[in-house]
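Undergrad: Build me a model:
(one chain, ligands or ions: 1)
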Amino acid sequence: MQIDEQLVRNVVEQVLARLGGNGTLAPVGRGYQGRFGQFTAVDEAVAAAQEAFERLSRCTLADRKRVLDHIRRISREQCVELGTMEMEETRIGRLEHKIEKQRTVADTLGVEFLRSEVFSGDHGITVIEHAPFGVIGVITPVTHSLPTLTCNAIQMIAAGNTLVVNPHPGGRRVAAEGVRRYNEAIYRDLGIDNLICVITEPALETANAIFKHPDVALLSVTGGPGVAKVAMQQAKRALVAGPGNPPVVVDQTADLDRAARSIIFGAAYDNNLLCIAEKQVFVVEQVFDAMMAAMERAGAVRLTAAEIERLTPLAIHPPGNGHEHPMADKRFIGKDAAELARAVGRTVPAKTELLFGETEEANLFVAAEQMMPFLPFVRARDVDHAIEMAYRSEHGFRHTSIIHSRDVGNMTKMGKRMDTTIFVKNGSSLAGLGVGGEGYGSYSIAGLTGEGITTPLTYTRERRCTMVDNLRILGK
Ligand code: NAD
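TA: Next up is the predicted model:
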């Protein structure tokens, strides 16, 4: 038998793979290499992700960075193909934005965001480091299937974790294809497979099996009210990025043209699918008509009262059937503005980005997270009235709110009252995620459980290492 360097490397690798953390022999590899993260059974997916976690734990930070470089490169270079796949499968939103989301998610913060804290004093030095949890169970929405998965994967792997994803059934194929491409590239380069595992036939049962699996250390759930509620009831820690219904207030001091451009940009992006997107607008009486005119100047199309009356019952269902708030009709979610207009017998140019119109506060569009490009505008007596209606319409989700104003007092008043995770002043909602504003982005905004806009540090647990009376090199 010829012994060459490669053979020795392989043997060493196999022995290392079988060594558990305490030096005992772990079970022989269960043959998940080469699956590229594709699983139908939750037990197998978790076992493969656990195996991958053990391998990742033996890697350097430079290796982790290399893993992320593959995910980033594929996201950027293949954004047109993957974005198109996402559009064709989900049939909601806008193709140009599906592609843009897939390209820009590559910039999600990774290993560079990790840091340690140090306390140095008379009694020596204490270092707080951020360690991974292990295997994270992940739920992703249909509104951004592969972008959410990619964002979660970059942040979780940066922190040293691996993940098992139950995608929304409506976006499962693009999720599985992305996972296959990422894992294959990582495996070819670093010899580790299954850092990201995906359930290729996801269902409520598989989600539940992930929630309950003893080897899943943490849950990260991004979705609407139903799944958010279920996630909060689990026996293990869950980070919940739940629904939003972001209100906008426009007061009498606002730059109305700027406000109109910002509202259209945020609300029309991907046909209003973003959880942060503007969903209803409260304008003080004094500038209401001027604001409506500014919206038209900026390119939005105004519906008449009769058209809104026809659209509302078609597009929004009242609360009931277990839903606390009005719910959007699936036939209209993420559809183009021209298609919504057509439903009420109106023909508008195909490139129309947004429809809007005046409604009462009681109109169902105000309380619903419509996820379609029609925005209700409600008259307010004054800014206090506008803020109160905005507060009611947000349902205490603590997600996102926006104000257009030049009055710092009004901004402060609204910020305090809303108490949302994201509060944008004089910009589009997207500015709150770093698009046209400062700061970083994420596809999971954990408002309900308080972690906020997730980063790699969100997916870590603190470990403290204390050196007593030594290592501090400063004098007395
Ligand atoms: P959805 O709630 O229908 O589905 C989300 C995910 O949860 C899917 O994978 C789905 O299969 C799963 N799911 C649904 N009910 C479940 C249950 N009872 N048990 C286990 N799993 C369940 O939402 P969607 O239409 O896919 O996405 C849109 C929603 O997600 C909106 O409400 C939006 O605000 C929210 N969202 C929030 C954020 C955020 O960061 N906070 C980001 C994106 C989307």
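Undergrad: Show me which residues of the stretch 1-150 of the chain sit near the ligand.
TA: 139-143 (CB under 6 Å from any ligand atom). Using the backbone N, CA and C atoms, a C-beta is placed for each residue, glycine as well.
Undergrad: one more time with 8 Å, if that's ok
TA: Contact residues (CB under 8 Å from any ligand atom) of the stretch 1-150 of the chain with the ligand: 139-144, 148.
Undergrad: Among the residues you listed, name the ones in helices.
TA: residue 148 (DSSP state H).
Undergrad: Just the buried ones from the residues of the stretch 1-150 of the chain next to the ligand, in PyMOL syntax?
TA: Provided next is the PyMOL selection string for whichever of those are buried by 16 or more other CB atoms under 10 Å:
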select buried, resi 139+140+141+142+143+144+148
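Undergrad: check contacts around the closest residue to the ligand within the stretch 351-476 of the chain.
TA: Closest residue of the stretch 351-476 of the chain to the ligand, CB to the nearest ligand atom: residue 445 (3.6 Å). Residues counted as contacts of residue 445 (CB atoms under 8 Å, 6 or more residues apart in numbering) are 241, 244, 275-276, 399-400, 421-422, 452-454.
Undergrad: Most neighbours among these, which one?
TA: Counting neighbours by other CB atoms under 10 Å, residue 241 leads the contacts of residue 445 with 31 neighbours.
Undergrad: who are the neighbours in contact with that one?
TA: 220-223, 275, 443-448, 454.
Undergrad: repeat that with 6 Å
TA: Going by CB atoms under 6 Å, 6 or more residues apart in numbering, residue 241 touches 222, 444-446.
Undergrad: Quick check: of those residues, which lies closest to residue 387?
TA: Closest approach to residue 387 among the contacts of residue 241 (CB to CB): residue 445, at 21.5 Å.
Undergrad: Return the set of residues that bridge with the closest one.
TA: Beta bridges link residue 445 to residue 453 when assigned by DSSP bridges.
Undergrad: Now the residue of the stretch 251-400 of the chain found nearest the ligand: closest residue in space that isn't a chain neighbour?
TA: The stretch 251-400 of the chain approaches the ligand most closely through residue 275 (3.3 Å), counting by CB to the nearest ligand atom. Take residue 275 and drop its neighbours on the chain: the residue closest to it by CB to CB, 6 or more residues apart in numbering is residue 244, 4.3 Å away.
Undergrad: Go ahead and report the secondary structure state at residue 465.
TA: Following DSSP: H, G, I helix; E, B strand; the rest coil, residue 465 is assigned to strand.
Undergrad: Identify the residue nearest it in space, chain neighbours excluded?
TA: What sits nearest to residue 465 in space, not counting adjacent residues and going by CB to CB, 6+ apart, is residue 127, at 4.9 Å.
Undergrad: The one helix or strand that neighbour maps to - what's its average pLDDT?
TA: Taking DSSP states H and E as the criterion, residue 127 maps to strand 124-132. For strand 124-132, mean pLDDT is 98.
Undergrad: could you measure residue 237 against the ligand, distance?
TA: 16 Å (CB to the nearest ligand atom, to the nearest Å).
Undergrad: Show me what from the stretch 351-476 of the chain comes close to the ligand.
TA: Residues of the stretch 351-476 of the chain lying near the ligand (CB under 8 Å from any ligand atom): 369, 371, 399, 442-448.
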